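S.K.: Here is the input, now give the coordinates:
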Amino acid sequence: MKKFLVTSIFLFTTVCLLAQTEYPKILSMKDRAETINRLLEDKIQNYLPDIMRREGVDMWVVISREYNEDPVIKTLLPATWLAARRRTVLIMYDQGEEKGIESIAVARYNVGSSFQSAWDKEKQPNQWARVAEIIRERDPRKIGINKSEHFGLADGIVATDLQEFTAALDKKYRERITSAEKVAIGWLETRTEAEMAIYPQICRIGHTIIEEAFSDRVIQPGVTTTDDVVWWMRGKIRELGLTAWFHPTVDIQRADPENVESQRSFSQRPEPGVIMPGDLLHCDIGITYLRLNTDQQQHAYVLRPGETDIPEYLKTAFKNGNRLQDIFTGNFKEGRTGNEVLRMSREQAIAEGIKPSIYTHPIGYHGHGSGTTLGMWDSQGGVPVRGDYPLHLNTAYSIELNAATYIKEWDKEVRIMLEEEALFDKSGVWYLDGRQKEMYMIPRKPSWK
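M.R.: Model (predicted):
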C-alpha cells in the first residue's frame with residue numbers, strides 16, 4: 001500500500017510538471033553578466049565608430065554621479081556595476097579607421113573591461129583637471145555631451161556637471177562642445193548582430209507568459225478578475241528571475257452596452273472586472289532581460305457554453321488588425337521620417353476601410369526607446385521633432401497600433417490592440433518572434449472535440 005501511494009504521488013507530480021508551460025532557457029545571473037559584457041564590448045568597438053563618424057563627433061563624453069545616472073551611462077556600465085560610482089566620466093575617442101575607439105574612464109577604477117581608468121588621484125587630485133588634460137592631449141574636433149531639448153534619453157548631463165566640465169576646459173575646447181544628441185540616439189537605437197541573435201528568444205519568453213496567462217491554467221471564468229491575471233503575470237515574471245519594466249494591464253471588451261472599454265483613453269488604466277464567457281481579453285506586458293526589453297499586446301476570447309470556436313465577427317475584426325500591421329510595416333523605408341510613415345499608413349488604411357490608430361516606438365535598452373517616433377495615441381497627425389527623425393537600418397520597434405471595427409452583433413466598435421517587437425533592416429521589417437494571427441481561446445479546444 002505504501003509503495004502504491006508513493007508511486008501514485010510520483011506519477012501525479014510528474015503529470016503536473018509536464019502540464020506546466022515550458023519556457024525558453026533563461027540564463028543564470030553569472031551567464032547573463034558575461035553575455036551583457038560581451039555584447040557591450042562588441043558594440044563599442046564594432047558599431048560605435050560608425051555612429052560617431054556618421055554624426056561627425058570624434059569625442060563623446062558621458063558624465064554621471066552615483067544614483068543620478070545619465071540614461072546612456074547605464075547602457076555603458078558593465079553588468080556588475082548597478083550604478084555609477086562617485087563621479088564617473090567615460091570618454092570615447094575616435095582614433096580613426098585603423099585604431100578605432102579609445103574608451104577610457106576618468107574614475108578611480110576601471111569601468112569593467114571596456115573602460116580603463118586614466119586617472120591617478122595621487123598624481124592629479126582634481127578629477128576635472130584630469131579630464132581637461134585628456135582632452136588637451138587628444139585635441140578632438142568636436143566634443144559631444146548628452147544634451148538634448150527633445151529626446152529625454154539623450155539629455156542626461158545634469159546642470160552641475162555641465163557647468164564644472166565646461167569651466168575646466170581651455171577656451172578653444174569649450175568652443176568645440178556640441179550636443180551628442182544623435183550619437184546618443186544612434187547608440188541606443190542601433191541593434192547589433194549579437195543582440196539580434198538573442199532578442200527573438202527574449203520575445204518568446206514574453207509570448208510564453210501571455211500564452212499561459214490567457215489559459216484555463218490561470219483563468220476560471222466567473223471567478224478570476226483581470227487584476228488577478230495582472231498580478232499572476234507580475235509573479236510569473238519574478239518567478240522566472242526577470243523584471244517587468246511597467247505594470248501589466250488586462251482589460252475586457254464584451255457585448256454589454258455598458259462596457260465602454262473600446263472608448264477608454266490610453267491615459268487611464270482599465271478597471272478590474274470578473275472575466276466571463278463571451279469576453280474579449282487584451283493584455284499589455286513588458287519584460288527586461290539581458291538589458292533588452294519587450295512590449296507585447298495580445299488577445300484571447302473566452303468561449304461561451306456550447307461554443308467551440310471564436311465568433312467569425314471577432315475573427316474579422318482581428319484580421320483588420322493584422323492588415324493594419326502589414327500596411328504600416330510595408331511603408332518603412334530607410335531615411336523616411338516617422339511622420340511620413342504614419343501619414344502614408346493612415347491614408348492607405350482608411351482607403352481600405354480600416355479605422356486606424358498608430359503609436360509605435362523604438363525599443364531596446366529602454367521600453368520606450370529613443371529614435372524615430374511613429375505616431376502617438378493622442379497625436380495621430382504626427383509628432384513634432386521626434387517624429388521628424390529619420391529611420392535607420394538595424395533598429396528595433398514595438399509595432400503598436402489598433403484597428404477599430406464595428407461589430408453588428410454587439411452594436412458597438414471593438415478595438416483590436418496589437419503590439420509586437422520587430423527589426424527594421426535592409427530586408428524590411430520582420431517580427432522577432434512572429435506575431436499573433438489568431439486569438440487564444442479559453443479554454444483551448446481539445447483535439448477530441
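S.K.: Looking at the nearest residue to Asp58 once chain neighbours are set aside now. What's its pLDDT?
M.R.: Spatial nearest neighbour of Asp58, chain neighbours left out: Asp94 (4.5 Å); criterion: CB to CB, 6 or more residues apart in numbering. The way it works is simple: take the backbone N, C-alpha and C, and place the C-beta from them, glycine included. Asp94 is assigned a predicted lDDT (pLDDT) of 94.
S.K.: what's across from Asp94 in the sheet?
M.R.: Beta-bridge pairing for Asp94 (DSSP bridges): Ile101.
S.K.: List the contacts of it.
M.R.: 49, 52-53, 57-59, 100-101 (CB atoms under 8 Å, 6 or more residues apart in numbering).
S.K.: now these as a markdown table including pLDDT, distance to Gly330 and secondary structure?
M.R.: Below are the contacts of Asp94 laid out as a markdown table (pLDDT from 0 to 100; distance: CB to CB, whole Å; DSSP: H, G, I helix; E, B strand; the rest coil):
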| residue | pLDDT | distance to Gly330 | secondary structure |
| --- | --- | --- | --- |
| Pro49 | 96 | 32 | helix |
| Met52 | 96 | 32 | helix |
| Arg53 | 96 | 31 | helix |
| Val57 | 96 | 34 | coil |
| Asp58 | 93 | 38 | coil |
| Met59 | 97 | 40 | strand |
| Gly100 | 88 | 37 | coil |
| Ile101 | 91 | 37 | strand |
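S.K.: among these, which two are most distant?
M.R.: Val57 and Gly100 (14.9 Å; CB to CB).
S.K.: Okay, strands next: where are they in the stretch 1-150 of the chain?
M.R.: Remark: strands assigned in the stretch 1-150 of the chain by DSSP state E, counting those that start in this stretch are 59-65, 87-94, 101-106, 116-117, 143-145.
S.K.: Which strands or helices does the third one pack on?
M.R.: Contact here means 3 or more CB pairs under 8 Å, 6 or more residues apart in numbering; DSSP states H and E; on that basis strand 101-106 packs against helix 29-46, helix 48-55, strand 87-94, strand 116-117, helix 127-138.
S.K.: Also the first one?
M.R.: Using 3+ CB pairs under 8 Å, 6+ apart as the contact test, the elements touching strand 59-65 are strand 87-94, helix 127-138, strand 143-145, helix 159-168.
S.K.: Try it again at 6 Å.
M.R.: The contact analysis (3 or more CB pairs under 6 Å, 6 or more residues apart in numbering; DSSP states H and E) places strand 59-65 against strand 87-94, strand 143-145.
S.K.: Do you have the strands of the stretch 301-449 of the chain handy? List them.
M.R.: Under the criterion DSSP E, counting those that start in this stretch, the stretch 301-449 of the chain carries strands at the ranges 355-358, 361-362, 395-407, 412-425, 428-431, 440-442.
S.K.: most packed of those?
M.R.: Neighbour counts (mean count of other CB atoms under 10 Å) averaged over each of those peak at strand 361-362, with a mean of 26.
S.K.: Touching that one from outside, list them.
M.R.: Strand 361-362 has contacts (CB atoms under 6 Å, 6 or more residues apart in numbering) with 189, 368-369, 371, 397-398.
S.K.: repeat that for 8 Å
M.R.: With CB under 8 Å, 6+ apart as the criterion, strand 361-362 contacts 188-189, 295, 368-374, 395-398, 400.
S.K.: coming back round to it: so which of the helices and strands packed on strand 59-65 is nearest Val131?
M.R.: strand 87-94 (5.8 Å).
S.K.: what angle do the closest one and helix 127-138 make?
M.R.: Computed by axes from the mean of the first three to the mean of the last three CA atoms, to 10 degrees, the angle separating strand 87-94 from helix 127-138 equals 10 degrees.
S.K.: that older thread, the strands of the stretch 1-150 of the chain into CSV, with extra columns for distance to Phe214?
M.R.: Shown next, in CSV, are the strands of the stretch 1-150 of the chain (distance: least, CB to CB, whole Å):
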stretch, distance to Phe214
strand 59-65, 41
strand 87-94, 43
strand 101-106, 45
strand 116-117, 49
strand 143-145, 46
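S.K.: Nearest to Glu438, out of the ones you listed?
M.R.: Among the strands of the stretch 1-150 of the chain, strand 59-65 comes nearest to Glu438, with 45.4 Å by CB to CB.
S.K.: Let me know the distance separating the closest residue to His150 other than its chain neighbours from Asn339.
M.R.: On the basis of CB to CB, 6+ apart, the spatially nearest residue to His150 that is not a chain neighbour turns out to be Val385, at 4.4 Å. Distance, Val385 to Asn339, using CB to CB, to the nearest Å: 10 Å.
S.K.: residue boundaries of the strands in the stretch 151-300 of the chain?
M.R.: 177-179, 243-244, 249-253, 280-285, 287-289, 292-293, 296-302.
S.K.: Against which helices or strands is the third one packed?
M.R.: Put plainly, it is strand 249-253. In terms of contacts (3+ CB pairs under 8 Å, 6+ apart), strand 249-253 is packed against helix 226-239, strand 280-285.
S.K.: Tell me which of the ones you listed sits nearest to Lys121.
M.R.: helix 226-239 (40.9 Å).
S.K.: Val385 is in contact with Thr337, correct?
M.R.: No: Thr337 is beyond contact range of Val385, at 10.3 Å (criterion: CB atoms under 8 Å).
S.K.: Mind pulling up the pLDDT for the nearest residue to Leu418 once chain neighbours are set aside?
M.R.: The spatially closest residue to Leu418, leaving aside those adjacent along the chain, is Gly321, at 5.0 Å (CB to CB, 6+ apart). What the model reports for Gly321 is a pLDDT of 98.
S.K.: if I look at Gly321, how far off is Glu438?
M.R.: In terms of CB to CB, Gly321 sits 11 Å off from Glu438.
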